[in-house]
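In: any chance you can model this:
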Amino acid sequence: MKNKVTQTDKVLLAAYKLLDKKEVFSAEDLTVKSFEMFPADFCLPGYRSVPNSNKIYTFVMGKDAALIKKGFIKKIGEKQYKISDGGISYIESDLLNSKDLKTNKEKLNTGRQDLVKM
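Out: Next comes the predicted model:
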């Protein structure tokens, strides 16, 4: 169980929440969902109501894309992604039991079967 949820984890949680509606999602879908769930983490500096797509793209694009490197998200086409079984397992076994998430449930806007009943 993790105590602190990182921004990488938050983007992965947004990808997990996208599973409610689609198995394959775009970088833009991930940007919107990440911003909806965690606006303070993913807004443009000085523009709290505008998502920072570049910040989110760093987790899934380029040679240092943390979620791709860890195997939690798979790239399946140009700006098209799918969460891996390993990513789902990590979320359900580590992140959803995180003290940080449990104390900040309202941020998640729930869904995905109430984020597996937290």
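
In: CA atoms for contacts and neighbours, from now on please.
Out: Fine.

In: so what sits opposite residue 26 in the bridge?
Out: Per DSSP bridges, the residues bridged to residue 26 are residue 80.

In: isn't it right up against residue 80?
Out: Yes - Residue 26 is within contact range of residue 80, at 4.5 Å (criterion: CA atoms under 8 Å).

In: for stretch 4-18, which positions count as buried?
Out: If you call a residue buried by 16 or more other CA atoms under 10 Å, then stretch 4-18 has these buried ones: 5, 7, 9-18.

In: for the protein, what helix or strand is lowest in average pLDDT?
Out: helix 112-117 (a mean of 50; mean pLDDT, DSSP states H and E).

In: now this protein, which segments are flagged as low pLDDT?
Out: Along the chain, segments meeting pLDDT under 70 span 1-3, 99-118.

In: from residue 77, how far off is the residue of the chain most remote from its centre?
Out: Going by CA atoms, centre = their mean, the residue of the chain most distant from its centre is residue 46, 22.4 Å out. Counting by CA to CA, to the nearest Å, the gap from residue 46 to residue 77 is 33 Å.

In: repeat for residue 60
Out: Here the criterion is CA to CA. By it, residue 60 lies 12 Å from residue 77.

In: compare these two (neighbour count), which wins?
Out: Legend: neighbour count by other CA atoms under 10 Å for residue 60 and residue 77, higher for residue 60 (26 against 10).

In: sticking with the more buried one, tell me its helix or strand.
Out: Under the criterion DSSP states H and E, no helix or strand holds residue 60.

In: how many residues are close by residue 35?
Out: Other residues lying near residue 35 total 24 when counted by other CA under 10 Å.
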